[in-house]
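Asks: Attaching a predicted model along with its sequence, questions to come.
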Amino acid sequence: MQFDSPTSPHGHARTSVTRVMLRVIYALIPGIAAYIYFFGWGVAINILLACVVALVCEGAVLRARSRPVWPFITDGSAVVTAMLLALALPPLSPWWLTLCGTAFAIVIGKQLYGGLGYNPFNPAMLGYVMLLISFPLEMTSWTAPQMLLEVKLGLIDAASAIFAGRLPEGLPIDAFTMASPLDTLKTQLLLDQTVSNVIATSPIFGNIGGKGWEWISGGFLIGGLWLIYMKVISWHIPAAMLGALFTIAEIFYLIDANTHATPWFHLVSGATMLGAFFIATDPVSAATTNPGRLVYAAGIGILVYVIRAWGGYPDGVAFAVLLMNMTAPTIDYYFRPRVFGHDRK
Amino acid sequence: MLAAVLSLGVMSVVFGLLLGFAAVRFKVEGDPLVDKIDAILPQTQCGQCGYPGCRPYATAIASGAADINQCPPGGEAGILALADLLGRDPKPLNPENGQVKEKMVAAIDEPRCIGCTLCIQACPVDAILGAAKQMHTVIEQECTGCDLCVAPCPVDCISMVPIAQTIDSWRWPAPEKARIAGSYR
Amino acid sequence: MSANLYHDGVDILHGQRRLWSFHGGIHPPQHKHESTNLPVIRAKLPERLILPLHQHIGEPAEPIVQVGDKVLKGQMIGRAQEFLSAPVHASTSGTVVDIGDYAVPHPSGLNATCIVIEPDGEDRGLEHPRVGDYLQLAPSALRNLIRDAGIVGLGGAGFPSYIKLNPGKLDGIDTLILNGIECEPYITCDDMLMREYPREIIAGLRVMQHALQARVCVIAIEDNKPEAFRALHDAALHEAGIDVILCPTVYPQGGEKQLIRVITGKEVPANGLAIHIGIVCHNVATALAVHRAVQDGQPLVSRYVTVTGGGVSQPRNLDVAFGTPVRDLIIQCGGDPAAVKRLVMGGPMMGYALHSDAVPVIKTTNCIIAATEADIVPPRPVMPCIRCGACADACPVMLLPQQLYWYAHTNDLDKVQEYNLFDCIECGCCSYVCPSNIPLVQYYRYAKGAIWIKEREHEQADIARQRHEFRLDRLAREKAEREARRRLKKASLAKNQDNTPHTEEAVDND
Amino acid sequence: MMIAGLALGLFGIAGTAIVAITFGNTKDLILLKEREDLLKTLNVLVPPSLYNNELVTDTLLVRSEALLGTSTPVTVYRARMDGVPVAAVMTPSAPDGYSGEIRLLVAINYDGTVMGARVVSHKETPGLGDKIEIRRSTWINSFAGHSLYTTDSREWAVKRDGGVFDQFTGATITPRAIVKAVYKCLQYFIINRDGLFNPRVATILEDTVDNESE
Amino acid sequence: MQDYLLILVSTVLVNNFVLVKFLGLCPFMGVSKKLETATGMGLATTFVLTLSSVCSYLANEYLLAPLGLEYLRTITFILVIAFVVQFTEMVIHKTSPLLYQVLGIFLPLITTNCAVLGVALLNVQQQHGFLESAFYGFGAAVGFSMVLILFAAMRERITASDVPVVFRGPAIALVTAGLMSMAFMGFAGLVRG
Amino acid sequence: MSNTDLAQITRDGLWHNNAALVQILGLCPLLAVTSSVVNGLGLGIATLMTLVLSNVAVSLIRHQTRPEIRIPIFVLVIASIVTAIELAMNAYFHELYSVLGIFIALIVTNCNIIARAEAFAFKNSVVPSAIDGLAIGSGFLAVLVVLGAMREVLGQGTLFAQAEMMFGESASWLTVTVIHDYHGFLLAILPPGAFIGLGLLVALKNFIDARGKKQPATVIGRAHPGAVPAPT
Ligand SMILES: Cc1cc2nc3c(=O)[nH]c(=O)nc-3n(C[C@H](O)[C@H](O)[C@H](O)COP(=O)(O)O)c2cc1C
Ligand SMILES: Cc1cc2nc3c(=O)[nH]c(=O)nc-3n(C[C@H](O)[C@H](O)[C@H](O)COP(=O)(O)O)c2cc1C
Ligand SMILES: Cc1cc2nc3c(=O)[nH]c(=O)nc-3n(C[C@H](O)[C@H](O)[C@H](O)COP(=O)(O)O)c2cc1C
Ligand SMILES: Cc1cc2nc3c(=O)[nH]c(=O)nc-3n(C[C@H](O)[C@H](O)[C@H](O)CO)c2cc1C
Ligand code: SF4
Ligand code: SF4
Ligand code: SF4
Ligand code: SF4
Ligand code: FES
């Protein structure tokens, strides 16, 4: 009589990596919907393109390394990476930009380290930063929000802009681009303008942050809160990151409101919300202990502010995440929870 | 030119003198490294590494005369520990020194033993009991499984046998790697 | 009704005790009601009882019978060998037919020494002396009695109970906890026992209290066992100093350290024992066994065992004589051994899969799950750890299972210890919640074993080094002595005779 | 100890000797090469046919934080034909580049027309701001021929700000900074033209302009 | 004070010696396999780098410059560095075996650390004064140690990862260093001017 | 010293024990100056010369040193050689010299050189030492050039840009524009590209070695315990 003899526990909560990733994808939906609403179909096309490229790259590398392909293709992690990367790209960025970035993220950022679970850096952010430093021109031409445009872009228009580099009416893509709110603010501050002045004079600013950007951030916030509710992510990272960013922004806002934007502006601008709930929380590359997560995410919050306020780049989320990714193993080592029955150190 | 030669010459002389002085004043004796290496070696004393026992091999490693991959009984774990200690890159066991084998103990087929004492002389850890012309036995707990007593026996009554596993000595194996989709080849 | 009862429990809590909580824990599906529908009956005696000599933590017992001996029920057939050991008794009357290696319940599936008894069907018991009033006995005499009755912890660990009944301090201990938590799914043997023998359990508790000179006693029961709670609650109603407490269900609340935390808010120090903080914890079945040993003079020869799972048509609890093969129980509960896919001894969280159904029930067997295809989560691919931390959130010991796994999987034995591997109670919560499906607990078990092996090897290497050095010294000494002797001889020769080359040669040859 | 000192000393002397000999043999050549290199750069802006003095050594240090963009003294190379001033090459800085200072060479004809400009060093973003380098784009040549007279002060700006100079897509700050720097340098030149070519002035010419004259 | 702070921020983050300026890469790659050794190396380098930065400054200011022997800079500096390192090693070895355990074995490696000579040469090139030289050296060393330690912790993780066989070891370490340097580009522009 | 030994030294230096790809030494100049082929070539040649000369010198004086001053003497010797070369470069390849900047002086601390002095020249006689220097230096040079080429082509679409710095004005025809109208993949010429590029080269070497060997190199490391091969 032969019985099956694996070890205990003999039951399982029936969760899976796929389920976790699927939930992340669901949680992205409100933000993406707002994004598409404000910036047109380009966003959707980018996401789709990135997903396809990510899956193809992932499959190809796994195949080349003779690893099982199917479990990893279907785990959804590559799709999450692709979606987050695509969300960070300018809405009408040319197709090859998305392709290069995604391929870099998946092949170098993830698979070179052994694939799922082993990458020390956030692959999506690696892809983004690589693109930013290699193709700064393309990466800084943001599409203007739809409401600031004379001509609304349809699906076909967006596709033709992305794949052919031009619009049907023969308009250059430049006609649809403008600097993003953070970029505008940064450039104008360099020209010795005051914050209130900049915000009053540029049409791109809304009530708290950039027009449209506020709503998109709201969408990601909702999705993120749902993720916390579903226990896909813990509250530590978003809370610490947003808290740190808010605090430091408030301090400098109080010191000099002319050259420093309001903390609320920082919270709803750029990739703050997306970063706090979806990017900094990437479990693989973040700190894995709860005390460590607090330190890690607070570090991100502070670095985001430092780079935004004094650095050369308008938004610092990607860099801040990568920089703190570097520290994650060290943080994990030094910030461990107290073990049951041990004294507090 | 003269200024150059002079100033640097003087400087070097001064530095040389200081270093020479320091070498005498701050002289340090002994090398604790050998002990550390010896502590890692398995003490099987089998000589497969090419040295007459573990300590000579440890001395040879410390002096740079031997590589870290020459001890088969130590296995991969031993090489890794040595690499860690010495800050070197681990490398696979040198096949010239033998292969990793399961640990065995010597067993004397006692009725056949003629009491020649040759095995006693071969055993590096005095794990064989017996006297001349009397039957010999191996103290199983003391035997390191070095194999050295097998060859000298004139009647081939010594054989190496695997150590039997009991419920007390059984330990959980690592999970099968086949189950792990993303594991090493 | 259950809600009502829970309120009773809460009242008590409000009245006297505050409950604490511990970090982590999980809520797996209970599967308890399946095996509580039928009354407990005695299991049929098998054709042969196989009694392993090692049914507890510690040294195995030493057989004191020979093949062919006739034995009576309750007669000691294996004697405790050392301090940490427990005797084994015949669980029915019959003839010893063999003493040899048989398959025993153990995750390895290896064999161990057992005494095999062929029952004579009479089930004749040995007349044991009864203790009139245990209160007259000195605690130490009481403990000896309990030791000789072969009582070991019936909550799963099988630690000889008499050792745990030794307070070690003069002023006795503070709290004696009776563990009726039974937090693992499927298992209901303690539940049934508490429903049926509440008074006896409390009597046993009193004996233990006497032995330990414990100040207060607490009986803790999870709120998924309202009948058991009611029974014990009623039985203890007029007993002073015994709290019966209802605890919200969470696995692994039954773990000694977790339960102590829940009841008292104290943490048993790492590397320490409960007794160091003045607390002792026993299982309810152990209390019953103590009562029987003291009251009836009856040694431990049987226990309640839950037989459940999809592989049996009538899941229920049985009162089983030790040594009864598992196969007999399955058949008795309407099961077909051939339909069983996996046979688990113990609960689904901590129990181990058996390699054969010929193994006998022993003192620590509380449950047998005859699992079919339907009971088992189909094996899914194990993915790499994504460091999500779900395991750390579930770990009741506040360990970092993901880091332990990382280092165990890379064989970094120093680092696993640094991450407190040895505080892991192997409860399985981490594996249970891991989305990557990693057999975490097995890695920890592996790592613990690997460390054990490594330490053993180190010890042996040290001994070998000493012996080798000793031998080298000896050889050197012998050589020096030989040399000295030779020189002496030479000198004396030189003195006695003229220096002739011949003599020198002769000396050399010897 | 003695031996150590002596040995090290000996090697020190020997090594130094080798170096010193090499130095002796290459010293003049190096000086020459350095000068040649500089001259090559300057000649791109001021064709050698236009002057016959020692451009590399006929220099002057001047300082004007307001107009030359830096508080450190700035070198001026002066080109003359038979002693008659022809042109000057100034080395001002544009302090307000996107990521800091941009150092320039600006050649100005004696009549106040820009003969050409080059970027010596900058920290602008590669791919965006670095089109000011001649290796990446010819944009920097667009200054040649402009003067304060031909191009009025409002036109000394990038096109986006209503001027005549191109900007680069996505990076307006860098060209803005350079246009401004060249414009101010030109102002400085016009104001100080005579002093600049005065052969007797050899020390640092301190800032004579207090306020920016806009 | 602010100037010195700027020097620190600049050398530690913006112009990190290892990741941006490419100095001290061999020990960065060689002594980063384990966190503990990396920490030891970081400490040793910080000490020697600061000390030799100051010593080289003195040698330049009071020996080479007055005598017009600037062309002997390299040779003088390296001699000073080698001496400082060797002397420190001997002293520590004798006086504090414990400290020697931590730092000693790394000291000889420092002589050939480009960062040390690099700092000395850059101090001259950028015309730093005495205190500036000290801060520059210290900042460079802190920047070096910081990335070394972070890198070591990352490498410990990476060696235990399922890295493709051809990339195991130095190859993936180099790629990682590249990605770190990419992340450090985020600090670009932090110190303007 | 037999011929096979010398051949072995050569093979080691060029491939099996390549300074950059295997020993991972001399990285600072290797990464810092390889944004173009010409830079790489220039620094490579300077390093090669230093290596040969320092190996010869160290081998000559190897009996004259004492342990406490061995390293100072080595660095003195090396620094003298480097400074002499530096001065010569400044005189004859001035433009290249200014581009390579501080990294010429830093050849002194190029870890390869001291490593070869310690590991080889100190223990061997002059001829093998010279050969060793030549081999190691050439191996290093080759990597400098290959990495430079890789980064230059990817980064700006050219090869041998500014060849005139090395070979004089007449050599500017050497410059090849590989990809016309190329915007440039900036990553390649920025610092990260240097690291990643070298990482890829090291991997490529591993790949070639592994393919040659048929059996994949048993990489010993902290493997998955289940993966420890059973003794056969
Ligand atoms: C090695 C070992 C030694 C123990 N020693 C004692 C002891 O001296 N006194 C005691 O009261 N309990 C002792 N215990 C019992 C434990 O406190 C605990 O009650 C027992 O292991 C059962 O708990 P568990 O099922 O949660 O593991 C010991 C346990 C072990 C494993
Ligand atoms: C994870 C875990 C869960 C446990 N659950 C129970 C339980 O539900 N009931 C129980 O009596 N003992 C349980 N135990 C055993 C207790 O820790 C402890 O050993 C026992 O209560 C001591 O009593 P005993 O010596 O009488 O068996 C569990 C142990 C562990 C490690
Ligand atoms: C990463 C990054 C680097 C930039 N570098 C420069 C630069 O070097 N020079 C520059 O003028 N603008 C640079 N900018 C662009 C400015 O932020 C701003 O968008 C631009 O100068 C003004 O935009 P406009 O040309 O649409 O007016 C950079 C932007 C980013 C995001
Ligand atoms: C909460 C959560 C956040 C994630 N964030 C990212 C991310 O920011 N970037 C990314 O590449 N992948 C992200 N992933 C997907 C996945 O973890 C990632 O691809 C791994 O790094 C691959 O090993 C995320 C996954 C989860 C569950
Ligand atoms: S091979 Fe290993 S065990 Fe055998 S003597 Fe040598 S060091 Fe000792
Ligand atoms: S008994 Fe034989 S095998 Fe064992 S240690 Fe002695 S010589 Fe070696
Ligand atoms: S639950 Fe599993 S996947 Fe998540 S951190 Fe723990 S071990 Fe890793
Ligand atoms: S098995 Fe160990 S590590 Fe896992 S949850 Fe339980 S105590 Fe924690
Ligand atoms: S070349 Fe080795 S440290 Fe720079």
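Replies: That came through, no problem. Ligands and ions are numbered 1, 2, ... in the order given.

Asks: D:Ser120 touches D:Thr91, doesn't it?
Replies: To be clear, residue D:120 is Val; Ser isn't right here. Yes: contact criterion CB atoms under 8 Å: D:Val120 and D:Thr91 qualify, at 7.0 Å. For the C-beta atoms, the positions are set from N, CA and C on the backbone; glycine is no exception.

Asks: ok, the two, which is more surrounded?
Replies: D:Thr91 (20 against 11; other CB atoms under 10 Å in any protein chain shown).

Asks: so the residue most central in space within chain F is in which element?
Replies: Nearest to the geometric centre of chain F sits F:Phe140, at 2.3 Å (CA atoms, centre = their mean). Using DSSP states H and E, F:Phe140 falls within helix F:126-156.

Asks: Off-centre distance for that helix?
Replies: 4 Å (CA atoms, centre = their mean, to the nearest Å).

Asks: again, but for stretch B:70-90
Replies: That offset, for stretch B:70-90, works out to 10 Å (CA atoms, centre = their mean).

Asks: Just the residues contacting that stretch, thanks.
Replies: The contact list for stretch B:70-90 (CB atoms under 8 Å, 6 or more residues apart in numbering or on different chains) reads B:36-37, B:40-42, B:44, B:46, B:48-50, B:54, B:57, B:61, B:68-69, B:91-94, B:97-101, B:103, B:145-146, C:411, C:454, E:31, E:33-34, E:37, E:105, E:169, F:220-222, F:228.

Asks: right, is it up against ligand 6?
Replies: No: Stretch B:70-90 lies out of reach of ligand 6 by CB under 6 Å from any ligand atom, never closer than 11.0 Å.

Asks: in that stretch, what's buried?
Replies: Using 16 or more other CB atoms under 10 Å in any protein chain shown as the test for burial, stretch B:70-90 gives B:70-84, B:86, B:90.

Asks: And whichever residue of the stretch 251-400 of chain C sits closest to ligand 3, which helix or strand is it part of?
Replies: Ligand 3 sits closest to C:Arg387 of the stretch 251-400 of chain C, with a gap of 30.8 Å, by CB to the nearest ligand atom. Following DSSP H and E, one finds C:Arg387 outside all helices and strands.

Asks: I figured it hits A:Val284, correct?
Replies: Yes: the criterion here is CB under 8 Å, and C:Arg387 meets it with A:Val284 at 5.5 Å.

Asks: Now the common contact residues for the two.
Replies: In contact with both C:Arg387 and A:Val284: A:Gly117, using CB under 8 Å, 6+ apart.

Asks: quick one, what contacts the nearest residue to C:Leu205 once chain neighbours are set aside?
Replies: Ranked by CB to CB, 6 or more residues apart in numbering or on different chains and with sequence neighbours excluded, the top spatial neighbour of C:Leu205 is C:Ala287, at 5.0 Å. Each residue near C:Ala287 by CB under 8 Å, 6+ apart is listed here: C:Leu178, C:Ile201, C:Ile202, C:Gly204, C:Leu205, C:Val207, C:Met208.

Asks: tell me what the lowest-mean-pLDDT helix or strand in chain F is packed against?
Replies: Here the helix or strand of chain F ranked lowest by mean pLDDT, DSSP states H and E is helix F:164-167, holding a mean of 73. When contacts are defined as 3 or more CB pairs under 8 Å, 6 or more residues apart in numbering or on different chains; DSSP states H and E, helix F:164-167 packs onto helix F:37-60, helix F:94-100.

Asks: Following the chain onward from that helix, which element is next?
Replies: strand F:176-177.

Asks: if you look at that following strand, does any of it touch chain D?
Replies: No: using CB under 8 Å from any CB of the partner chain, strand F:176-177 never reaches chain D; the gap is at least 12.8 Å.

Asks: Tell me the strands beside that strand, with direction?
Replies: strand F:158-159 (antiparallel) (DSSP bridges).

Asks: Any idea how far the partner strand is from the middle of the chain?
Replies: That offset, for strand F:158-159, works out to 21 Å (CA atoms, centre = their mean).

Asks: cool, and stretch B:95-115?
Replies: 18 Å.

Asks: Buried among the contacts of C:Ala287? Make that a PyMOL selection.
Replies: With 16+ other CB under 10 Å as the criterion, this PyMOL line picks the buried residues out of the contacts of C:Ala287:
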select buried, chain C and resi 178+201+202+204+205+207+208
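
Asks: So which of the contacts of C:Ala287 are in helices?
Replies: C:Ile201, C:Ile202, C:Gly204, C:Leu205, C:Val207, C:Met208 (DSSP state H).
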